[in-house]
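Trainee: coords please:
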Amino acid sequence: MGATIATIGLLYDAITNLQVFVQVFIYVYGLLLFAYILLSWIRLPYSPTLNRLQRFLYDVCEPYLRIFRRVIPPLGALDLSPIVAFVVLILVEQLIVNLLERLH
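Mentor: Numbers count the residues shown, from 1 in each chain. A predicted model of the protein is given here:
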(Lines give C-alpha, C1' and ligand atoms only; values in the text may rest on other atoms or scores of the structure.)
Protein backbone atom coordinates (compact mmCIF):
# COMPACT_ATOMS: atom_id res chain seq x y z
CA MET A 1 0.00 0.00 0.00
CA GLY A 2 2.84 2.39 0.86
CA ALA A 3 4.51 1.75 -2.51
CA THR A 4 1.29 2.65 -4.32
CA ILE A 5 0.96 5.93 -2.45
CA ALA A 6 4.61 6.72 -3.16
CA THR A 7 4.08 5.98 -6.85
CA ILE A 8 1.01 8.22 -6.97
CA GLY A 9 2.99 10.94 -5.20
CA LEU A 10 5.81 10.65 -7.75
CA LEU A 11 3.33 10.77 -10.62
CA TYR A 12 1.66 13.84 -9.10
CA ASP A 13 5.06 15.50 -8.73
CA ALA A 14 6.04 14.61 -12.30
CA ILE A 15 2.83 16.13 -13.68
CA THR A 16 3.37 19.30 -11.65
CA ASN A 17 6.97 19.52 -12.90
CA LEU A 18 5.79 19.03 -16.47
CA GLN A 19 3.23 21.82 -16.06
CA VAL A 20 5.89 24.18 -14.73
CA PHE A 21 8.25 23.17 -17.56
CA VAL A 22 5.61 23.90 -20.21
CA GLN A 23 4.77 27.26 -18.64
CA VAL A 24 8.43 28.33 -18.37
CA PHE A 25 9.27 27.04 -21.87
CA ILE A 26 6.43 28.97 -23.48
CA TYR A 27 7.23 32.07 -21.42
CA VAL A 28 10.88 32.01 -22.55
CA TYR A 29 9.88 31.31 -26.16
CA GLY A 30 7.45 34.23 -25.99
CA LEU A 31 10.28 36.48 -24.76
CA LEU A 32 12.52 35.32 -27.61
CA LEU A 33 9.71 35.95 -30.07
CA PHE A 34 9.18 39.43 -28.63
CA ALA A 35 12.91 40.21 -28.85
CA TYR A 36 12.99 38.98 -32.46
CA ILE A 37 10.06 41.20 -33.40
CA LEU A 38 11.58 44.25 -31.69
CA LEU A 39 14.97 43.70 -33.33
CA SER A 40 13.32 43.35 -36.72
CA TRP A 41 12.04 46.94 -36.38
CA ILE A 42 15.41 48.40 -35.36
CA ARG A 43 18.38 48.62 -37.71
CA LEU A 44 21.41 47.80 -35.56
CA PRO A 45 25.01 48.55 -36.51
CA TYR A 46 27.04 45.57 -37.65
CA SER A 47 28.71 43.74 -34.81
CA PRO A 48 29.68 40.07 -34.74
CA THR A 49 27.95 39.66 -31.37
CA LEU A 50 24.74 41.37 -32.47
CA ASN A 51 24.83 39.44 -35.73
CA ARG A 52 25.03 36.14 -33.81
CA LEU A 53 22.16 37.22 -31.56
CA GLN A 54 19.99 38.20 -34.51
CA ARG A 55 20.84 34.96 -36.31
CA PHE A 56 19.96 32.92 -33.22
CA LEU A 57 16.62 34.70 -32.85
CA TYR A 58 15.94 34.22 -36.57
CA ASP A 59 16.71 30.50 -36.38
CA VAL A 60 14.52 30.04 -33.31
CA CYS A 61 11.53 32.25 -34.16
CA GLU A 62 11.21 32.34 -37.93
CA PRO A 63 10.07 28.70 -38.44
CA TYR A 64 7.18 29.27 -36.01
CA LEU A 65 6.24 32.64 -37.52
CA ARG A 66 6.47 31.23 -41.05
CA ILE A 67 3.52 28.93 -40.26
CA PHE A 68 1.31 31.96 -39.70
CA ARG A 69 2.79 34.05 -42.51
CA ARG A 70 1.72 31.38 -44.99
CA VAL A 71 -1.88 31.62 -43.78
CA ILE A 72 -2.24 35.32 -42.92
CA PRO A 73 -1.31 37.73 -45.72
CA PRO A 74 0.32 41.02 -44.67
CA LEU A 75 -1.90 44.09 -44.77
CA GLY A 76 0.43 46.53 -46.49
CA ALA A 77 3.29 47.19 -44.07
CA LEU A 78 1.39 45.60 -41.18
CA ASP A 79 2.19 41.96 -40.42
CA LEU A 80 -0.39 40.38 -38.12
CA SER A 81 1.27 36.97 -37.96
CA PRO A 82 3.26 37.72 -34.74
CA ILE A 83 0.06 38.70 -32.93
CA VAL A 84 -1.65 35.50 -34.01
CA ALA A 85 1.48 33.53 -33.12
CA PHE A 86 1.41 34.93 -29.56
CA VAL A 87 -2.29 34.14 -29.17
CA VAL A 88 -1.81 30.58 -30.42
CA LEU A 89 1.19 30.14 -28.13
CA ILE A 90 -0.87 31.20 -25.11
CA LEU A 91 -3.79 29.00 -26.14
CA VAL A 92 -1.52 25.97 -26.55
CA GLU A 93 0.00 26.63 -23.14
CA GLN A 94 -3.44 26.81 -21.53
CA LEU A 95 -4.57 23.66 -23.33
CA ILE A 96 -1.53 21.63 -22.23
CA VAL A 97 -1.65 22.90 -18.65
CA ASN A 98 -5.39 22.14 -18.40
CA LEU A 99 -4.90 18.65 -19.83
CA LEU A 100 -2.13 17.97 -17.33
CA GLU A 101 -4.29 19.39 -14.54
CA ARG A 102 -6.96 16.79 -15.32
CA LEU A 103 -4.39 14.05 -14.72
CA HIS A 104 -4.03 15.13 -11.09
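Trainee: doesn't Tyr46 fall inside a helix?
Mentor: No. Tyr46: not assigned to a helix; according to DSSP: H, G, I helix; E, B strand; the rest coil it is coil.
Trainee: check contacts around it.
Mentor: With contact set as Cβ atoms under 8 Å, 6 or more residues apart in numbering, Tyr46 has no partners. For glycine as for every other residue, the C-beta is placed from the backbone atoms N, C-alpha and C.
Trainee: how near is it to Leu32?
Mentor: According to Cβ to Cβ, to the nearest Å, Tyr46 and Leu32 sit 22 Å apart.
Trainee: lowest-confidence helix or strand of this protein?
Mentor: Lowest on mean pLDDT, DSSP states H and E among the helices and strands of the chain sits helix 2-41, with a mean of 84.
Trainee: for that helix, packing partners?
Mentor: Packing contacts for helix 2-41, counted by 3 or more Cβ pairs under 8 Å, 6 or more residues apart in numbering; DSSP states H and E, involve helix 48-71, helix 81-102.
Trainee: nearest to Val20, out of those?
Mentor: Closest to Val20 of these is helix 81-102 (Cβ to Cβ; 9.4 Å).
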